[in-house]
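Engineer: could you work out the structure for the sequence below:
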Amino acid sequence: MNSTLIKNAKIVNEGVIFEGDVLIEGEFIKEIGTDISNKPSISQVIDAEGNFLIPGAIDDQVHFREPGLTHKGNIASESRAAVAGGITSFIEQPNTVPNAVTQELLEQKYQIASQGSYANYSFMMGGTNDNLEEVLKTNPRNVAGIKLFLGSSTGNMLVDNEEVLEKIFSSTPMLIAVHCEDEATIKANLEHYKEEYGDNIPMKFHHLIRSEEACYISSSKAIELAKKTGARLHIFHVSTAKETDLFTNKIPLEEKKITAEVCVHHLWFTDADYETKGTLIKWNPAVKTQADKDGLWKALLDDRIDVIATDHAPHTWEEKQNPYTSAPSGGPLVQHAVVAMFEAYLQGKISVEKIVEKMAHNPAKIFKIEKRGFIREGYYADLAIVNTALPWNVNKDNILYKCGWSPFEGTNFKSRISHTFVNGQLVYANAKVKEGCFGQRLLFDR
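Structural biologist: So this is what the prediction gives:
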């Protein structure tokens with residue numbers, strides 16, 4: 001059996017940092033201690049002195065573009081970038097082509113991942129205005145949840161029929177994850193700016209088109225419906241300070257029926273960055289103001305916001321050069337999300353314990369992921385070692401996304417992922433990804 005001993009690490013787990021060792025045997029963490037001795041049976045020893053050992057991050061919202069949009073990215077290419085960034089599990093969204101809105105189409109994505117994913121995987125079942133029967137067939141044991149787009153999206157995925165929405169909310173015991181932006185508000189705002197600028201609307205108006213009001217109207221409606229029906233609701237990519245008041249920190253996470261996620265780009269960029277980054281930071285929901293960014297940080301740190309994710313959504317460089325109305329929204333982030341948060345740690349904005357809580361522990365708790373998200377004996381050895389004193393610059397030579405660019409290009413990070421383990425296998429070390437299929441289908445305790 002393959003085994004690895006990680007020595008002298010600063011182990012970060014469940015709100016505590018302690019120096020110690022971790023013994024991995026096969027797929028699992030066999031032992032955690034302060035002085036585990038090396039034995040002849042141990043295949044490799046890694047001295048992690050001075051470095052943090054964290055549970056691999058669990059990204060609860062990615063778009064890996066397979067099937068149908070693989071010129072932008074695919075499950076193999078993007079999961080490969082994820083493990084290089086210390087993300088060992090991902091939950092992918094249904095707006096691929098075709099949309100994953102039947103059990104058969106959903107299962108096809110699992111089959112693709114089983115043959116090529118570097119990281120552990122799960123896929124959301126997509127809800128539409130007319131597929132309730134299919135939604136209700138979803139297996140809570142091996143599917144992360146139901147995804148609803150309450151704001152404009154690709155294909156048939158906008159759910160704008162209020163009767164259908166209420167039926168979905170009241171019929172499924174599964175977690176419902178939502179993209180909240182009010183379509184009518186966005187359309188009216190867009191028409192206003194198109195009248196003045198045509199298709200060449202300056203990017204600086206993006207956050208006024210996909211506005212605070214559009215987000216708040218939609219989020220507050222979804223929360224109202226969840227309270228009315230008793231549904232288990234998780235709101236993706238909260239982007240405004242105003243929305244944070246909709247969430248509570250008065251009860252433990254395990255008791256919350258309504259939870260919230262913030263994405264790295266909304267914690268990092270503001271509308272001031274549109275001037276230099278342009279469409280490269282065009283996301284839906286939009287990057288908003290400095291006041292919104294400050295409000296999101298506040299809610300993250302006081303536990304009204306529960307999860308940090310990426311909404312990783314690659315597009316080609318050429319697509320991003322289009323005028324405002326045809327440049328797609330979204331950008332690649334999985335390779336740089338963890339180090340971006342460690343940059344915030346080095347700036348004194350957040351503790352390492354809190355990063356681990358929001359990027360590993362809480363996604364595992366919210367989705368009830370079996371035996372992942374923590375450094376515990378008997379759990380899968382999904383781990384990352386982070387060196388906070390190994391500076392590097394993001395550039396074309398080290399970007400692993402299939403699309404070949406990053407909104408962080410040119411950024412100097414002080415921290416680096418030095419090693420990543422997935423199911424006990426060392427899949428990333430010395431700035432190289434080991435080629436192979438290492439991921440497993442995530443299972444859920446429900």
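
Engineer: what pairs with the host helix or strand of Val386, and is each one parallel or antiparallel?
Structural biologist: In the assignment (DSSP states H and E), Val386 maps to strand 383-387. Within its sheet, and counting by DSSP bridges, strand 383-387 is paired with strand 52-55 (antiparallel), strand 416-422 (antiparallel).

Engineer: can you show me the CA trace of the longest one as PDB?
Structural biologist: What follows is strand 416-422, C-alpha atoms only, in PDB (Å, rounded to 0.1, in the frame of the first residue of the first chain):
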ATOM      1  CA  ARG A 416       2.600  29.000  -3.300                       C
ATOM      2  CA  ILE A 417       0.900  25.600  -3.200                       C
ATOM      3  CA  SER A 418       3.900  23.200  -3.000                       C
ATOM      4  CA  HIS A 419       2.100  19.900  -2.800                       C
ATOM      5  CA  THR A 420      -1.500  18.600  -3.400                       C
ATOM      6  CA  PHE A 421      -2.800  15.200  -2.400                       C
ATOM      7  CA  VAL A 422      -6.000  13.700  -3.800                       C
END
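
Engineer: which residues sit against it?
Structural biologist: Residues outside strand 416-422 that contact it (Cβ atoms under 8 Å, 6 or more residues apart in numbering) are 4, 24, 46, 48, 51, 56, 83-86, 88, 118-120, 338-339, 381-387, 390-392, 426-430, 438-439. From N, CA and C alone the C-beta is placed, and that goes for glycine too.

Engineer: mind checking how far stretch 352-364 is from the chain centre?
Structural biologist: 12 Å (Cα atoms, centre = their mean, to the nearest Å).

Engineer: could I have the CA atoms of it written out in CSV?
Structural biologist: C-alpha atoms of stretch 352-364 as CSV (Å, rounded to 0.1, in the frame of the first residue of the first chain):
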residue,chain,number,x,y,z
VAL,A,352,-5.6,30.9,8.0
GLU,A,353,-8.1,29.0,10.2
LYS,A,354,-10.9,31.1,8.7
ILE,A,355,-9.7,30.4,5.1
VAL,A,356,-9.8,26.7,5.8
GLU,A,357,-13.2,27.0,7.5
LYS,A,358,-14.7,28.8,4.5
MET,A,359,-13.0,26.8,1.7
ALA,A,360,-12.9,23.3,3.1
HIS,A,361,-14.9,22.7,6.4
ASN,A,362,-18.0,24.6,5.5
PRO,A,363,-18.6,23.3,2.0
ALA,A,364,-18.2,19.8,3.4
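
Engineer: how about it: buried residues?
Structural biologist: By neighbour count on 16 or more other Cβ atoms under 10 Å, the buried set for stretch 352-364 is 352-364.

Engineer: who touches Leu136 in this structure?
Structural biologist: Contacts for Leu136 (Cβ under 8 Å, 6+ apart) come out as Ser171, Thr172.

Engineer: to Val12, which of the strands paired with strand 383-387 lies closest?
Structural biologist: When these are compared by Cβ to Cβ, strand 52-55 sits nearest Val12, at 4.9 Å.

Engineer: just how off-centre is the closest one within its chain?
Structural biologist: When C-alpha coordinates are averaged (Cα atoms, centre = their mean), strand 52-55 and its chain have centres 18 Å apart.

Engineer: mind checking the pLDDT average for it?
Structural biologist: Confidence for strand 52-55, expressed as mean pLDDT, is 99.

Engineer: can you check stretch 9-16 too?
Structural biologist: pLDDT averaged over stretch 9-16 gives 98.

Engineer: and the contacts of that stretch?
Structural biologist: Taking Cβ under 8 Å, 6+ apart as the rule, stretch 9-16 contacts 17-22, 32, 48-55, 352-353, 356-357, 361, 374-376, 385.

Engineer: which of the residues you listed fall within strands?
Structural biologist: The members of those that map onto strands under DSSP state E are Ile17, Phe18, Glu19, Gly20, Asp21, Val22, Ile32, Phe52, Leu53, Ile54, Pro55, Ile385.

Engineer: which of these lies closest to Met174?
Structural biologist: Pro55 (24.2 Å).

Engineer: coming back round to it: counting by contacts, list what the very next helix or strand once past the strand holding Val386 packs against.
Structural biologist: Going down the chain from strand 383-387, the next helix or strand is strand 392-393, by DSSP H and E. Under the contact criterion of 3 or more Cβ pairs under 8 Å, 6 or more residues apart in numbering; DSSP states H and E, strand 392-393 touches strand 412-413.

Engineer: list the contacts of the strand it packs on.
Structural biologist: Outside strand 412-413, the residues that touch it by Cβ under 8 Å, 6+ apart are His336, Val339, Ala340, Phe342, Glu343, Pro391, Trp392, Asn393, Val394.

Engineer: farthest pair within these?
Structural biologist: Farthest pair in the contacts of strand 412-413, by Cβ to Cβ: Phe342 and Asn393, 15.4 Å.

Engineer: more neighbours, the two?
Structural biologist: Legend: neighbour count by other Cβ atoms under 10 Å for Phe342 and Asn393, higher for Phe342 (24 against 12).

Engineer: you'd agree the more buried one is in a helix?
Structural biologist: Yes - using DSSP: H, G, I helix; E, B strand; the rest coil, the assignment for Phe342 is a helix.

Engineer: ok, the closest residue to it other than its chain neighbours - contacts?
Structural biologist: With sequence-adjacent residues excluded and distances taken as Cβ to Cβ, 6 or more residues apart in numbering, Phe342 is closest to Ser415, at 3.9 Å. Ser415 is in contact with Val339, Phe342, Glu343, Tyr345, Leu346, Val386, Asn387, Thr388, Ala389, Leu390, counting by Cβ under 8 Å, 6+ apart.

Engineer: pick the one among those residues closest to Glu134.
Structural biologist: Checking the contacts of Ser415 against Glu134 with Cβ to Cβ, the nearest one is Val339 at 38.9 Å.

Engineer: quick check: that closest one touching Ile87?
Structural biologist: No - the criterion here is Cβ atoms under 8 Å, and Val339 misses it with Ile87 at 11.0 Å.

Engineer: among these two, which residue is more densely surrounded?
Structural biologist: Ile87 (34 against 21).

Engineer: OK, contacts around the more buried one?
Structural biologist: Counting by Cβ under 8 Å, 6+ apart, Ile87 has contacts Gly56, Ala57, Ile58, Asp59, Ala119, Thr310, Val334, Ala337, Val338.

Engineer: list only those of these flagged as buried.
Structural biologist: For these, a burial check counting by 16+ other Cβ under 10 Å picks out Gly56, Ala57, Ile58, Asp59, Ala119, Thr310, Val334, Ala337, Val338.

Engineer: narrow those residues to those in strands?
Structural biologist: Ala57, Ile58, Asp59.
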